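J.: coords please:
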Amino acid sequence: MTQTLFKAYNEFLKKRYGRSASKETYENFIGYCRRGVMENGVKPILNPVNLYAFGCGISSAEAVDLLFEKAVADG
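T.: Just a heads-up that it's a prediction; the model follows:
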């Protein structure tokens, strides 16, 4: 399941953000979500947007904003 989820999240990240997450970042994010404490504005909720925020060092809100900006730019 973990490998399947990692692959699916990376497909989303590539398509929506043009980047992918390393296995190490993904594993660290899983641990972060298990702790369940929000840090630096990144929600500890397992989804690709929060994974992107975690990996880039931005807040979840900033990651959502980037997602919408790209969607608008792509038409």
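J.: Poorly predicted segments of the protein, please.
T.: Filtered on pLDDT under 70, the chain yields the residue ranges 1.
J.: 80 instead?
T.: Along the chain, the parts satisfying pLDDT under 80 run over 1, 75.
J.: And the helices in it?
T.: Along the chain, counting by DSSP state H, helices occupy 2-17, 23-35, 48-56, 60-74.
J.: Quick check: buried residues in the last one?
T.: Along helix 60-74, the positions that meet the burial threshold by neighbour count (16 or more other Cβ atoms under 10 Å) are 60, 63, 66-67. Backbone N, C-alpha and C define where each C-beta goes, glycine included.
J.: How far away from the center of its chain is it?
T.: How far helix 60-74 lies from its chain's middle: 12 Å, per Cα atoms, centre = their mean, to the nearest Å.
J.: What of stretch 11-31?
T.: Distance, centroid of stretch 11-31 to centroid of chain: 6 Å (Cα atoms, centre = their mean).
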